[in-house]
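*Asks:* sharing a model that was predicted from the sequence below.
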Amino acid sequence: MQSFRSEIENPIVEKDILDLAKKIAQFKAGEIHEEKFRSLRLARGVYGQRQQGVQMIRIKLPYGKIQFHQWKRIADISDEYSTGNLHLTTRQDIQIHFVSLDRTPELWAKLEQDDITLREACGNTVRNITASPTSGIDPKELFDVSPHADAAFRYFLRNPICQEMGRKIKMSFSNTEEDTSLAYLHDVGFIPKIQDGTRGFKVVVGGGLGAQPMLAHTAYEFLAEDQVIPFIESVLRVFDRHGERNSRHKARMKFLIQKIGFEEFMNLVNAETKALKNHSFSIADASAWEVSEPSLQADIAAPETAEYQTWVDTNTFEQKQKGFHAVYVRILNGNISSDTSRSLIEALKGYIGDDIRITINQGLMLKFVPTANLPYVFQVLNAHGLAAPGANSIANITACPGTDTCNLAISDSTHITSKLEQVINEEFPSLIHDSAMKIKISGCMNACGQHSMASIGFHGSSLKAADKRVLPALQVLIGGATLGNGDGRIADKVIKVPSKRGPEVLRVLLNNFEENAQDGEYFHEYYDRQGEKYFYNLLKPIADLTTLVDADFIDWGSTDTFATEIGVGECAGVMIDLVATLLFESEEKYEWTAAALEDKRWADSIYHAYSVFISAAKALLLDKSVTVANQNAVINKFEEHFVATGEFAIEASSFPELVLQINQNEPSEAFARQFAEQAKNFLTAATTFRQAIA
């Protein structure tokens, strides 16, 4: 456990990593329940795989930014601890797979040497905050949103409010009204605006994908930028207290809003104002994100070939900084090897800016490429097989890892991607210029591949033949779109087909659109004009199960007969509700309360103290087999079953009055010390009560 301590400079990070190592040892010794340990490791970026005994490690890269030294560090880490592959995700993270649990603390420590974290990359936390990769260089943007995304990342990392929520929270910052970061599908999304000379955002809340996708509601048409962090904090406080915690499938913010109504949700958000740590939060100047100009210029002439010109037309654009271009790089399935990564770093360093962004379609964007260096960059990428055109077109398909590694995947989503791209490249080559249409694939209905918002989407499924044999299938979805300014469309489920017929589905849809669309008509508009029934009938012959052949029972990329093998999902591990565990957690949370008091972090101390009340009260309720769906229910049920009955005495006329002081007071030193003392007294009483009846 101690071997990597010298590698960590930040004492907070060191404590985090040592704690992970300690908890791994306790778990292996049987001292921590598996479900509790799952929750803990997920919040540290350690995620179980489909394959037993190994872990996926998710590396959290705010708004997808990496520098050359960080990219190399991750590549080296993948070689040492994983398989030499880097998987770029739709949330602008990097994942590596097949890592031994025992080695994760050491791996994390080495990443932190280059300011790379695993903290809160998974679990019931604020996940990686995404942003448009063109932020800071887009000629169409009002301002660079990178500082805003960075401020949100840093403010909520390790923040007491969002450590043990009912489910995950996803946020995004788009840098133009085109909404390239898909604000409308996030729990909280931002679109930049300027009003009366003040920078700010249109704010949308409550969007989400998953099995039941929902579009976000507009919270503000304009919110000044210094109010962004306070607003997010208020939203998280409401979600933490009122969000569902029993039914994992109803635990996202979108379901809370659906249950209580958006007006009531915003009333609750506004009611948190007094208790916020900050009522205004200034955002750092964008100059902190300026990239040093490359020092090297290549002496290579531009090739006079159609291949090069197509690449320039579809994969590059001129930045708002004159004399520089940005370059998009297509990465099939988001997988790039560590060897290729190091080779690219060596070849590109000094010729482009030291600011690379991972894109939400699982590619890379190179920034600050001097226009004179474009031929050289093309030559480098081409030598690595990475100069395919159409980086933002329908030809570049997004796909989650699916059955390669994920517990929840039903059928393949990766091997079929190359088959679908082949259809486009060989039969519809002009579509590499079409950036309006999107194709996205997920291995199941949970939409990690974002199929719900695609022009043409697929998700893994299964079908049963007449002879009862099961075959891999694809649910076909049509008509999704990003409309801009925080608005979008969810695709309709149209029909389910055998997976091996996926390429034929794509061929039929594209031919039909090409033959019948009106001039200037977008695909989603064409879908609306024709209607869902039209497309169902169009694809129905492909879904015919009377013409199955043996190959239909073998999934893409496999040689074995298909069988559904769905494990337990780990997107946000379920909390274990054991009385002793909850009381132990309460004691640990009081230690955090006291530490925050010692550090004079009054707001953090207050929230930790609130968590002490919740955990201890929940433990005693569990002892009576009282079911509670959220923290608000914990507060009210404890009053009903313990205080109102006279069974448990407290320092107030009611338990809600005691606990909800958190909303009625500003985070002052006096209140922090008072609330911490009350939490300590309550925990002592709860522990004594439990011991007396045990």
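*Replies:* In hand now; what should we look at?

*Asks:* can I get the helix or strand containing residue 235 as PDB, trimmed to CA atoms?
*Replies:* Per DSSP states H and E, residue 235 falls inside helix 228-242. C-alpha atoms of helix 228-242 as PDB (Å, rounded to 0.1, in the frame of the first residue of the first chain):
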ATOM      1  CA  VAL A 228     -23.700  28.800 -13.200                       C
ATOM      2  CA  ILE A 229     -21.900  27.100 -10.200                       C
ATOM      3  CA  PRO A 230     -24.500  28.200  -7.600                       C
ATOM      4  CA  PHE A 231     -27.300  27.000  -9.900                       C
ATOM      5  CA  ILE A 232     -25.700  23.600 -10.400                       C
ATOM      6  CA  GLU A 233     -25.100  23.300  -6.600                       C
ATOM      7  CA  SER A 234     -28.800  24.000  -5.900                       C
ATOM      8  CA  VAL A 235     -29.900  21.400  -8.500                       C
ATOM      9  CA  LEU A 236     -27.600  18.800  -7.000                       C
ATOM     10  CA  ARG A 237     -28.800  19.500  -3.400                       C
ATOM     11  CA  VAL A 238     -32.400  18.900  -4.600                       C
ATOM     12  CA  PHE A 239     -31.500  15.800  -6.500                       C
ATOM     13  CA  ASP A 240     -29.500  14.400  -3.500                       C
ATOM     14  CA  ARG A 241     -32.400  14.900  -1.100                       C
ATOM     15  CA  HIS A 242     -35.400  14.100  -3.300                       C
END
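
*Asks:* for that helix, could you pull out the residues that count as buried?
*Replies:* Residues 228-242 are the ones in helix 228-242 that count as buried (16 or more other C-beta atoms under 10 Å). Every C-beta, even on glycine, is put in place using the N, C-alpha and C of the backbone.

*Asks:* domains in the chain, by residue range?
*Replies:* 5-112, 130-287, 291-383, 398-553, 579-693 (automatic domain parsing).

*Asks:* show me the least confident stretch of those, going by mean pLDDT.
*Replies:* Mean pLDDT is lowest for domain 5-112 out of these, coming in at a mean of 90.

*Asks:* now for the lengthiest helix in the chain, which elements pack on it?
*Replies:* Criterion DSSP state H: the longest helix present in the chain is helix 669-693. Contacts defined by 3 or more C-beta pairs under 8 Å, 6 or more residues apart in numbering; DSSP states H and E place helix 669-693 against helix 579-598, helix 602-623, helix 661-664.

*Asks:* who's in contact with the shortest one?
*Replies:* With C-beta atoms under 8 Å, 6 or more residues apart in numbering as the test, helix 661-664 has contacts from 271-272, 274-275, 606-607, 610, 671, 675.

*Asks:* go on, stretch 458-465?
*Replies:* Outside stretch 458-465, the residues that reach it (C-beta under 8 Å, 6+ apart) are 402-403, 409-413, 416, 439-445, 447, 449, 451, 470-477, 496, 498-499, 502, 545, 548, 553, 562, 564.

*Asks:* how far does stretch 477-497 sit from its chain's centre?
*Replies:* 20 Å (C-alpha atoms, centre = their mean, to the nearest Å).

*Asks:* tell me the buried residues in it?
*Replies:* In stretch 477-497, counting by 16+ other C-beta under 10 Å, buried: 477-482, 484-497.

*Asks:* ok, now stretch 512-529?
*Replies:* Buried positions in stretch 512-529, judged by neighbour count with 16+ other C-beta under 10 Å: 512-513, 523-524, 526-527.

*Asks:* from those, which is closest to residue 32?
*Replies:* residue 524 (48.8 Å; C-beta to C-beta).

*Asks:* quick check: buried residues in the longest helix of the chain?
*Replies:* Result for helix 669-693 [16+ other C-beta under 10 Å]: buried residues 671-672, 675-676, 678-679, 682-683, 685-687, 689-690.

*Asks:* which one is residue 227 nearest to, not counting chain neighbours?
*Replies:* Nearest non-adjacent residue to residue 227, counting by C-beta to C-beta, 6 or more residues apart in numbering: residue 280, 6.9 Å away.

*Asks:* any idea how far that neighbour is from residue 266?
*Replies:* Applying C-beta to C-beta, to the nearest Å, the value for residue 280 to residue 266 is 19 Å.

*Asks:* isn't residue 641 right up against residue 621?
*Replies:* Yes. With contacts counted by C-beta atoms under 8 Å, residue 641 reaches residue 621, the gap being 6.6 Å.

*Asks:* of the two, which one has the most company?
*Replies:* Neighbour totals were compared for residue 641 and residue 621, and residue 621 leads with 22 against 16 (other C-beta atoms under 10 Å).

*Asks:* rewinding a little: higher neighbour count, residue 280 and residue 266?
*Replies:* residue 266 (18 against 11).

*Asks:* need the contact list for the more buried one.
*Replies:* Residue 266 neighbours (C-beta under 8 Å, 6+ apart): residue 219.

*Asks:* what about it, distance to residue 235?
*Replies:* Residue 266 is 9 Å from residue 235, by C-beta to C-beta.

*Asks:* what of residue 113?
*Replies:* To residue 235, residue 113 is 34 Å away according to C-beta to C-beta.

*Asks:* tell me if I am right that residue 223 is in a helix.
*Replies:* No. Looking at residue 223 with DSSP: H, G, I helix; E, B strand; the rest coil, it is strand, so not inside a helix.

*Asks:* report the beta-bridge partners for it.
*Replies:* Residue 223 forms beta bridges with residue 201, as assigned by DSSP bridges.

*Asks:* which residues touch it?
*Replies:* Taking C-beta under 8 Å, 6+ apart, one finds 200-203, 231 in contact with residue 223.

*Asks:* now with 10 Å?
*Replies:* Residues near residue 223 by C-beta atoms under 10 Å, 6 or more residues apart in numbering: 190, 193, 195, 200-203, 230-231.

*Asks:* ok, and the most crowded of those?
*Replies:* residue 190 (32 neighbours).

*Asks:* can I assume it is in contact with residue 149?
*Replies:* Yes. If you go by C-beta atoms under 10 Å, residue 190 and residue 149 touch, sitting 8.6 Å apart.

*Asks:* find the residues that touch each one of the two.
*Replies:* With C-beta under 10 Å, 6+ apart, residue 190 and residue 149 have common neighbours 129, 131, 171-173, 175, 181, 228.

*Asks:* which one of the residues you listed is nearest residue 631?
*Replies:* Comparing the shared contacts of residue 190 and residue 149 against residue 631 with C-beta to C-beta picks out residue 171 as the nearest, at 21.3 Å.

*Asks:* turn the helices and strands packed on helix 669-693 into a markdown table, including distance to residue 165.
*Replies:* As requested, these are exported to a markdown table (distance: least, C-beta to C-beta, whole Å):
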| stretch | distance to residue 165 |
| --- | --- |
| helix 579-598 | 15 |
| helix 602-623 | 11 |
| helix 661-664 | 16 |
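
*Asks:* give me whichever of the ones you listed is most buried.
*Replies:* helix 602-623 (a mean of 25; mean count of other C-beta atoms under 10 Å).

*Asks:* residue 563 falls within a helix, correct?
*Replies:* No. In this structure, residue 563 is coil, not part of a helix, as judged by three-state DSSP.

*Asks:* give me the number of residues near it?
*Replies:* Count around residue 563 with other C-beta under 10 Å applied: 10.

*Asks:* before we move on, what about residue 267?
*Replies:* Residue 267, neighbours per other C-beta under 10 Å, totals 12.
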